[in-house]
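Peer 1: Sharing a sequence plus its predicted fold:
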Amino acid sequence: MALSQRLEFRQSQSLVMTPQLMQAIKLLQLSNLDLSAFVEEELERNPLLERASDGSEAPVAGEPTPERAEFADSEDSGYGGDAMGEPQGSAGESFEPVQEEWMNRDLGSRTEIEQTLDAPLDNVFSEEPAEAAARTAQDAAPTAYTEWGGGASNDDSYNLEAFVAAEVTLGSHLAEQLAVAFAGSAQRIIGQYLIDLVDEAGYLPPDLGQAAERLGASPNDVEAVLAVLQKFDPPGVCARSLSECLAIQLRELNRYDPAMQALVEHLDLLAKRDIAALRKLCGVDDEDITDMIGEIRRLNPKPGLKFGSARTQTMVPDVYVRPGPDGGWHVELNSDTLPRVLVNQTYYTELSKTIRKDGDKSYFSDCLQNATWLVRALDQRARTILKVATEIVRQQDGFFTHGVAHLRPLNLKAVADAIQMHESTVSRVTANKYMATNRGSFELKYFFTASIASADGGEAHSAEAVRHHIKQLIDAEDPALILSDDTIVERLRESGIDIARRTVAKYREAMRIPSSVQRRRDKQSMLGHALSAPAAISDRSRDTQPA
């Protein structure tokens, strides 16, 4: 077959992913916090982009503040000003120009002043030493008080937040004790390295061999420093396991005897409620094992959490759903999560008249194009979120009216077809977005659940509604008649839900509900404690009766 070259023309359609289109897709899936950070970067980068002022924000640079504008308008008020009409000093210093004018006035010579006052100046301005000291202290007190931060201050840099006590973290609390516990620098280095490894709950990694290798110290030195760290406050900190954490606290309470040691070393049996095996290992009777378990429950398994080294970020909803006056639902966007930016066309027009270099013209043209695109992209993002949220509310009307049990099965394709968008667009819109409703705040993806077939051939059930039904059955079960997974399957089929046993087990484990065997042990144990409590109270009352 001969090879030859030829030129052909072909017409085809293709989607070109321009940088602006890629940025628009990225904006669609950003959360409100990430979007705010992105807009702040654009405001710093683009000189033609500015934040829209709603009256509650700071004034635009170059404009007078409200206080300055008020003073500038009153030219004859006696406050004084420069040639441009600007006031001298801040609002708190409005009377200083009048005082300076009085002080700068020429009062004449000493003789003229004495004739005006009809008394020598030595008699008028003389002070006793005690009075002079008192006046000096009185005059100095407000200045020192202002420096301390108390009272009213005219300084713009005065900030009340500077006097708020700093939050004490677990690391700083341990570091303060470390500085007192060790005198040698080598021990302090090892201790500080171990403190840096402590997590928020107060635990260290189980294996500290890498710590010795990195520090170039022997394992014995690391263990010696660790033994001292485990005596720090709070009790139980710097432990490598739950058993070690509880053992440290029991030693602090002088309750770590051989029986308690056996109990702490077999916490797995305590989790399984195997009281008979624990009683045999500890060598105690029923009353003692009950008291020992009560002591274990009173300990703190995570001693480091009370310091709160990490701040919890509050979830801010993107959409609000409220009941409407006509019995429907009103969907609106949260305006606080929508960045408001504007394109400064006036500034661009002024620059266009003065710019002569081609490079500068090209730069500002790109800035104008990017600013215009960003404003349109933010507006399109808000419209798309509102459209998707409105369709979700329409599809899940039963959930908002009656609750989780009426949550319908829903997928991305159903919403995309209803609003005439692509599934990928709906998926990006529902990512990292939250909706505040009359039943709580939910992520938008919460309303998209798989469908489970109906046993009688009717309408399919939502997986979330089935999970809610399983939880209701387990919460209402009789302690003497615990429901197994097979029994739950039968109950669900009686309710018209066709589900397999392995699906029930999967949903139960996802909700962190133990098996039927474990639930039987837990509920029987709770029932036994509840029955023994009145008997113990009656025994104590009989013991306190007079002979």
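Peer 2: Perfect, thanks for sending it. Numbering: from 1, shown residues only.

Peer 1: which stretches of the stretch 201-350 of the chain form strands?
Peer 2: All strands of the stretch 201-350 of the chain, identified by DSSP state E, counting those that start in this stretch, fall at 319-323, 329-333, 341-343.

Peer 1: Equivalent analysis for the stretch 351-500 of the chain, please.
Peer 2: 434-437, 440-443, 451-452, 461-462.

Peer 1: Turn those into CSV, columns for mean neighbour count and distance to residue 239.
Peer 2: C-beta: built from backbone N, CA, C; applies to glycine. Output for the strands of the stretch 351-500 of the chain, formatted as CSV (neighbours: other CB atoms under 10 Å; distance: least, CB to CB, whole Å):
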stretch, mean neighbour count, distance to residue 239
strand 434-437, 19, 37
strand 440-443, 14, 36
strand 451-452, 17, 44
strand 461-462, 25, 44
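
Peer 1: quick one: which of the ones you listed has the weakest pLDDT on average?
Peer 2: In terms of average pLDDT, strand 451-452 trails the rest of the strands of the stretch 351-500 of the chain, at a mean of 78.

Peer 1: Low-confidence stretches in this protein?
Peer 2: Across the chain, the ranges flagged by pLDDT under 70 are 1, 15-17, 54-110, 112-166, 308-313, 455-458, 525-547.

Peer 1: longest helix anywhere in it?
Peer 2: helix 358-395 (DSSP state H).

Peer 1: before we move on, back to that, pipe the strands of the stretch 351-500 of the chain into TSV and attach distance to residue 401 per row.
Peer 2: Below are the strands of the stretch 351-500 of the chain laid out as TSV (distance: least, CB to CB, whole Å):
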stretch	distance to residue 401
strand 434-437	11
strand 440-443	15
strand 451-452	20
strand 461-462	15
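
Peer 1: out of the ones you listed, which comes closest to residue 508?
Peer 2: When the strands of the stretch 351-500 of the chain are compared by CB to CB, strand 451-452 sits nearest residue 508, at 14.7 Å.

Peer 1: which non-adjacent residue is nearest residue 277?
Peer 2: Excluding the flanking residues, the one nearest residue 277 by CB to CB, 6 or more residues apart in numbering is residue 269, at 5.2 Å.

Peer 1: Surely that neighbour is in contact with residue 276?
Peer 2: No: if you go by CB atoms under 8 Å, residue 269 and residue 276 don't touch, sitting 9.3 Å apart.

Peer 1: Which of those two has more residues huddled nearby?
Peer 2: When residue 269 is set against residue 276 and neighbours are counted by other CB atoms under 10 Å, the residue ahead is residue 269, at 16 against 11.

Peer 1: Now for residue 464, how many residues are close by?
Peer 2: Residue 464 has 21 nearby residues by other CB under 10 Å.

Peer 1: Apologies, that question was intended for residue 454.
Peer 2: 14.

Peer 1: Next one: the closest residue to it other than its chain neighbours from residue 460, what distance?
Peer 2: Among residues not flanking residue 454 along the chain, residue 496 sits closest, at 5.4 Å (CB to CB, 6+ apart). Separation of residue 496 from residue 460 (CB to CB, to the nearest Å) stands at 10 Å.

Peer 1: Give the residues shared as contacts by these two.
Peer 2: Common contacts of residue 496 and residue 460, defined by CB atoms under 8 Å, 6 or more residues apart in numbering, comprise residue 454.
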